[in-house]
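**Student:** Sequence and computational prediction follow.
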Amino acid sequence: MNVDQPTDLADRVAQALVAMGVPAQCRPAPAGACALRLGPKGQWVDYTVVAQPTLARATLGAALMQARQAAQLVNTPTLLVAEYVTPPVADDLRAQGQPFADAAGNAWLPAPLVFITGRKPATKPLQPATGRADTPAGLKTLFALLCHPELADDTHRAMAAAAGVALGSVPAVLQDLQQHGHLLVLGKRRRLHATRRVLDAWAQAYARRLRAKTLQAVYATPTFDQWADWPLDPADGLWGGEPAANLLTQYLRPGVLTIYAHKLPPLLMAGQRMRAPEGPTGRVLEWRKPFWGQLPAGPRPDTVPPVLVYADLLATGDGRCIETAAMVYEQYLASTFPQS
């Protein structure tokens, strides 16, 4: 899983801005980062670049989180740059107050004031290179390592059991993680390079490649607001997403309920009078299938691991969920995955 971004993306975005009549210049920034100086001489604004080659609604939350992290470390506003930003994603970014620009010529810049959307790329946007760590087996293996970093120094068999993957897939995944600096190897010892950067990279890849496959069904229920009183046995299913965040932080009021279970308990379905939703509505229950194997218990026996709660919240792209994801990170993940 490669979290390094194409080095020429910021240059191509700058060229697109110049073509729109916005003076733009790429400049080096601290810690090897890149900045764009936008606007006429003497009135320019410096933006710290946060590169997201493929930016979609599924990965919007993780991208916004990375931009906000960067903003905390520098004294300049951040600019999300991408190959292409669709009009719906452009509207979402503007609503969240996040400046962006893409290589197709779409941008929203509060200073200098620019808002252009709907321009389509002349060629198909470039897709990031993928490796074994970006496959479903790779994402499951890295998820197990993120939930249990000590597992990195265990046997391949133990990793496969924890991740719920075939034993033969583990060596290639570990090699890919080592190649991209996420797994440190010294002799026969292995250690996960546990930083927030790898956590966020996994959250984005999970949202893009694996999360949609976990959804099994969607139900409406008249007892939606009483979800916390449902008799859900942890042996039968675990709360994920927004209800899990509520249980972990006591902050977020769920707008969508999520249960991870191999099969929803029939008595729970009958007792809560679950049925197919009659129309588009956010107040529904999502049944998602667990994708992992044998993981250690988390901080609560009735929720999925905080790593997954964090990723599911970011995948919504919703502002209140992103805010709660930051709380989950600070309370449960920051000590293991510090800012790099």
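**Tutor:** The structure has been received and is ready for your questions. The structure displayed is predicted, hence computed values, not measured ones. Numbering: from 1, shown residues only.
**Student:** Going by C-alpha atoms from here, please, whenever you check contacts or count neighbours.
**Tutor:** Fine.
**Student:** Provide the secondary structure category for Tyr332.
**Tutor:** Recorded secondary structure, Tyr332: helix (DSSP: H, G, I helix; E, B strand; the rest coil).
**Student:** so how far is Gln294 from the residue lying closest to it once chain neighbours are set aside?
**Tutor:** Spatially, and ignoring its direct neighbours in sequence, Tyr332 is nearest to Pro306 (6.7 Å; Cα to Cα, 6 or more residues apart in numbering). For Pro306, the distance to Gln294 equals 16 Å [Cα to Cα, to the nearest Å].
**Student:** next one: Leu333
**Tutor:** According to Cα to Cα, Leu333 and Gln294 sit 20 Å apart.
**Student:** More neighbours: which of these two?
**Tutor:** Here Leu333 and Gln294 are compared on neighbour count by other Cα atoms under 10 Å; more neighbours surround Leu333, at 20 against 13.
**Student:** and the more buried one, what is it in contact with?
**Tutor:** 306-307 (Cα atoms under 8 Å, 6 or more residues apart in numbering).
**Student:** what about the residue lying closest to Arg157 once chain neighbours are set aside, neighbour count?
**Tutor:** Ranked by Cα to Cα, 6+ apart and with sequence neighbours excluded, the top spatial neighbour of Arg157 is Leu167, at 6.0 Å. Residues lying near Leu167 (other Cα under 10 Å) number 14.
**Student:** thinking Leu167 is in contact with Leu174, fair?
**Tutor:** No: in this structure Leu167 lies outside contact range of Leu174 using Cα atoms under 8 Å: 11.9 Å.
**Student:** quick one: low-confidence parts of the chain?
**Tutor:** Applying pLDDT under 70 to the chain flags residues 1-7, 30-32, 122-131, 280-281, 340.
**Student:** Repeat the analysis, applying 80 as the threshold.
**Tutor:** 1-7, 28-33, 72-75, 118-119, 121-133, 279-282, 340 (pLDDT under 80).
**Student:** Which helix in it has the most residues?
**Tutor:** Longest helix in the chain by number of residues (criterion: DSSP state H): helix 57-73.
**Student:** Which segments of this protein make up each domain?
**Tutor:** Here the domain parsing of the chain from automatic domain parsing is 9-116, 132-194, 209-333.
**Student:** Nearest to Trp202, out of the ones you listed?
**Tutor:** When those are compared by Cα to Cα, domain 132-194 sits nearest Trp202, at 7.1 Å.
**Student:** Work out the gap between the closest one and the centre of the chain.
**Tutor:** 19 Å (Cα atoms, centre = their mean, to the nearest Å).
**Student:** for this structure, what's the longest strand?
**Tutor:** Among the segments of the chain that qualify as a strand by DSSP state E, the longest is strand 45-51.
**Student:** outside of that strand, which residues touch it?
**Tutor:** Under the criterion Cα under 8 Å, 6+ apart, residues 5, 9-10, 29, 33-39, 66-67, 70, 74, 76-82, 111-112 lie in contact with strand 45-51.
**Student:** That one to helix 57-73, inter-axis angle?
**Tutor:** Put simply, strand 45-51 runs at 130 degrees to helix 57-73, going by axes from the mean of the first three to the mean of the last three Cα atoms, to 10 degrees.
**Student:** how far out from the middle of the chain is the host helix or strand of Arg197?
**Tutor:** Arg197 belongs to helix 196-209 when assigned by DSSP states H and E. Put simply, helix 196-209 sits 5 Å off its chain's centre (Cα atoms, centre = their mean).
**Student:** SS state for Cys26?
**Tutor:** With three-state DSSP as the criterion, Cys26 reads strand.
**Student:** Return the set of buried residues in stretch 75-86.
**Tutor:** Using 16 or more other Cα atoms under 10 Å as the test for burial, stretch 75-86 gives 77-86.
**Student:** Buried ones in the helix holding Arg197, by neighbour count?
**Tutor:** Neighbour-count burial for helix 196-209 flags 196-208 (criterion: 16+ other Cα under 10 Å).
**Student:** and if you look at stretch 232-242?
**Tutor:** Using 16+ other Cα under 10 Å as the test for burial, stretch 232-242 gives 232, 237-242.
**Student:** and the stretch of helix or strand Val328 belongs to, how far out from the chain's middle?
**Tutor:** Element membership for Val328 (DSSP H and E) is helix 319-328. How far helix 319-328 lies from its chain's middle: 12 Å, per Cα atoms, centre = their mean.
**Student:** pretty sure Pro171 contacts His156?
**Tutor:** Yes: between Pro171 and His156 there is a contact under Cα under 8 Å: 7.4 Å.
**Student:** Show me which of the two is the more surrounded one.
**Tutor:** Using other Cα under 10 Å as the criterion, Pro171 and His156 rank with His156 on top: 18 against 12.
**Student:** residues contacting the more buried one?
**Tutor:** His156 sits next to 167, 170-171 when contact means Cα under 8 Å, 6+ apart.
**Student:** Check the residues you listed against Arg94 and report the nearest one.
**Tutor:** The nearest member of the contacts of His156 to Arg94, counting by Cα to Cα, is Val170 at 41.1 Å.
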